[in-house]
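> What follows is a predicted protein model with its sequence.
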Amino acid sequence: MIREPMTVKELEASVRINNFDEVVLGYTEEEAVKEASRCLQCRNPDCISGCPVGIDIKKFIYQITQKDYKGAYFTIKEKNNFPSICGRVCPAEYQCRKTCLLTKKGEPFASPKAINIHFLERFIGDYGMKHCSHTSHATPNHSDKSEATGQVQHTFKGKKVAVIGSGPAGLCCAGELARRGIGVVIFESLHKPGGVLRYGIPPFRIPRNILDFEIDYLRKLGVEIVPNFVVGKVKNLSELFSQGFSAVFLGLGAGIPSFLGIKGENLCNVYSANEFLTRVNLMGAYKFPEFHTPINVGKNIIVIGGGNTAMDAARVALRLQKINGIAPNTTVLYRRTENEMPARRLEIEHAKEEGINFQFLVKPQEFIGDEKGYVKKIRSLRCKLGEPDSSGRRRPIAIEGSNFEIDTDIVVIAIGLKANQLLTKVTPQLKTDKYGDVIVDSETMETSIKAVFAGGDIVGGEGTVIEAMGMAKKAVQGILKYLLI
Ligand code: FAD
Ligand code: SF4
């Protein structure tokens, strides 16, 4: 008989909305072993194919049942550089857990009965950070020979690779190269490394000590991180090559917000989610005036969108209201229904528990301001669902004559992100597609410029942390092959 899943402890909603402390507390050792022992240890486990980097899930879960946590850590690290981070943010319900045998075929996302692979991974990642010496992170198949070529690593001695962007793609690429003795310099345009992991995802989902630990580890491996350096402005690609870099990896991400393109979008207090979250997460605006960046907070906050960014923005907004002594009233407007929301299920649940209001099947038409130019209302139309569109989700169809207005003081637009183009715009030889994403060879991840490789959101558009890392790992194989030519 299959036992009930182990629930994970969380901070009470009424407590957590007053601060930015981590919400999910993770499994204890006893809970992890109990959850691991629910795994059926299938002969041909499908969950592995559901993980974008192919972690040997069956093996690491078995190792947990044997209390071989160190072994489990190295099993995961063979494929995933940052288990503590992925265990916290992976949308496992659409990935490994969806393909777990305990999820019925055809279900849109994982059954609650599916093994909580992500929580187990987080438990092991956190164990590893505390107990496994970082020098032994190099796993056996990485330690002496290159996966790409089977050649001994010191072949790469003296080679230097420039990594542009310090999000999960750049960090993963840097770590993989540095472990092979290759000199790596990361150039990051912001003043702190981490990409979306730092400026987008709030500390209540990824505590900053976890991120700092992983970045410090890269520094210990010899990776140099140069902040405040916009490649394409400070230096271009050919200048980097003439500085002695043998290859370049582009992990530029998708940091340009999409807008609705409706009247009034330029009114005061209409934020893009990127600006809103960056002010709070990166610049510490929730601690203003202790930190210098301010953020406007009002009685009614409207967040537009249905993805992870919208959930993060809404949950941050509600916390800002609480911290500023304003009765929480934050509402998410989404043009489809909850079923079609692309956000992680856990984030939607957490948002509801925290008191976020949801209005579904709503399409904003116009922002209406006061005489001083501050947003005050949103004129919207109601929608119904039509046939599925190219994304496979049912298309929202606006209902004529269903106009209505919503009061608001602050609007946060979280409807999607586009490629960062600071570098691509000034590098015409770098081929991009109609979305501005960099085009790569799907085997090597090499771009249209020789020795320049790319991965993460700048290649596939907005994706997930583990997908970005998966692409970076693939690019590393391409870079290693190139360096040996
Ligand atoms: P990024 O993380 O965007 O990093 C790119 C970096 O490159 C940035 O630091 C940028 O400043 C830098 N850069 C860009 N151009 C230059 C230049 N010219 N010179 C120097 N530096 C440059 N995914 C999940 O799996 N789970 C989640 O829960 C989740 N939540 C999310 C919440 C939010 C708010 C957002 C925005 C995204 C979320 N995602 C989530 C998606 C995930 O974070 C991204 O897919 C991932 O970060 C992409 O990694 P990346 O390294 O390609 O890019
Ligand atoms: Fe699942 Fe993500 Fe871990 Fe892969 S990295 S096993 S998809 S939680």
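Structure's in. What do you need? Numbers count the residues shown, from 1 in each chain. Ligands and ions are numbered 1, 2, ... in the order given.
> Pull the residues that contact stretch 397-412.
Contact partners of stretch 397-412, identified using C-beta atoms under 8 Å, 6 or more residues apart in numbering, comprise 269-273, 276, 296-304, 310, 313-314, 317, 331, 333, 359, 363, 365, 367-368, 374-386. Yep, even glycine has a C-beta here, placed from its N, CA and C like the rest.
> near ligand 1 too, which of those?
Counting by C-beta under 6 Å from any ligand atom, nothing from the contacts of stretch 397-412 sits close to ligand 1.
> Of the residues you listed, which belong to strands?
In this view, the contacts of stretch 397-412 that belong to strands under DSSP state E are 270-272, 301-304, 331, 333, 359, 363, 365, 367-368, 375-386.
> Generate a ChimeraX selection restricted to the buried entries among those.
In ChimeraX, this line selects whichever of the ones in strands among the contacts of stretch 397-412 come out buried by 16 or more other C-beta atoms under 10 Å:
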select :270,271,272,301,302,303,304,331,333,363,365,367,375,376,377,378,379,380,381,382,383,385
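> Near ligand 1, which residues of the stretch 351-485 of the chain? Just list them.
Applying C-beta under 6 Å from any ligand atom, we find that the stretch 351-485 of the chain lies next to ligand 1 at 420, 422-423, 456-458, 463-465, 468.
> Show me which of those residues is closest to ligand 1.
Relative to ligand 1, the closest of these is G456; by C-beta to the nearest ligand atom it sits at 2.2 Å.
> Contact partners for G264?
270, 366-369, 375.
> Give me the pLDDT for N420.
Model confidence at N420, given as pLDDT, is 94.
> Looks like it contacts G255 (just checking).
Yes: assessed by C-beta atoms under 8 Å, N420 is found in contact with G255 at 4.7 Å.
> Where do the helices of the stretch 101-250 of the chain begin and end?
Here the stretch 101-250 of the chain has its helices, by DSSP state H, counting those that start in this stretch, at 117-131, 140-143, 168-178, 196-199, 208-220, 237-242.
> which residues touch F288?
Contact analysis of F288 by C-beta under 8 Å, 6+ apart lists 294-295.
> Check I201 too.
I201 makes contacts with 89, 281, 308, 312, as judged by C-beta under 8 Å, 6+ apart.
> if I look at C47, how far off is A36?
13 Å (C-beta to C-beta, to the nearest Å).
> Give the intersection of the neighbour lists for the two.
Shared contacts of C47 and A36 (C-beta under 8 Å, 6+ apart): I115.
> Please report the number of neighbouring residues for the nearest residue to T337 once chain neighbours are set aside.
Sequence neighbours aside, F360 is the residue nearest to T337 in space, at 4.8 Å (criterion: C-beta to C-beta, 6 or more residues apart in numbering). By other C-beta atoms under 10 Å, 19 other residues sit near F360.
> Over to G401?
7.
> Once you drop chain neighbours, what's closest to R219?
With sequence-adjacent residues excluded and distances taken as C-beta to C-beta, 6+ apart, R219 is closest to I225, at 6.8 Å.
> which residues sit against stretch 111-123?
Applying C-beta under 8 Å, 6+ apart, the external contacts of stretch 111-123 come out as 2, 4-6, 8, 26-27, 29, 32, 35-36, 38-39, 47, 55, 57, 60-61, 64, 76, 80, 83-84, 86-88, 90, 92-93, 96-98, 100, 102-104.
> among these, which are in reach of ligand 2?
Counting by C-beta under 6 Å from any ligand atom, the members of the contacts of stretch 111-123 near ligand 2 are 55, 57, 80, 86, 90, 92, 96.
> tell me the SS of the fourth one?
Put simply, C86 is helix when judged by DSSP: H, G, I helix; E, B strand; the rest coil.
> does A351 count as helix, strand or coil?
Recorded secondary structure, A351: helix (three-state DSSP).
> any idea how far it is from F360?
As defined by C-beta to C-beta, A351 lies at a distance of 13 Å from F360.
> can you list the weak-confidence ranges in the stretch 351-485 of the chain?
By pLDDT under 70, the stretch 351-485 of the chain contains no weakly predicted segment.
> which residues in it form helices?
Using DSSP H, counting those that start in this stretch, helices in the stretch 351-485 of the chain cover 457-460, 465-484.
> Is ligand 2 within reach of the last one?
Right, helix 465-484. Yes: Helix 465-484 reaches ligand 2 (C-beta under 6 Å from any ligand atom) through I466.
> and that helix, how far from the chain's centre?
Relative to the centre of its chain, helix 465-484 is centred 18 Å away, using C-alpha atoms, centre = their mean, to the nearest Å.
> So the chain: which segments form each domain?
Per the record, the chain has its domains at 9-132, 149-255+419-484, 257-417, by automatic domain parsing.
> Give me the subset of the contacts of I201 lying in helices.
Among the contacts of I201, DSSP state H puts 89, 308, 312 in helices.
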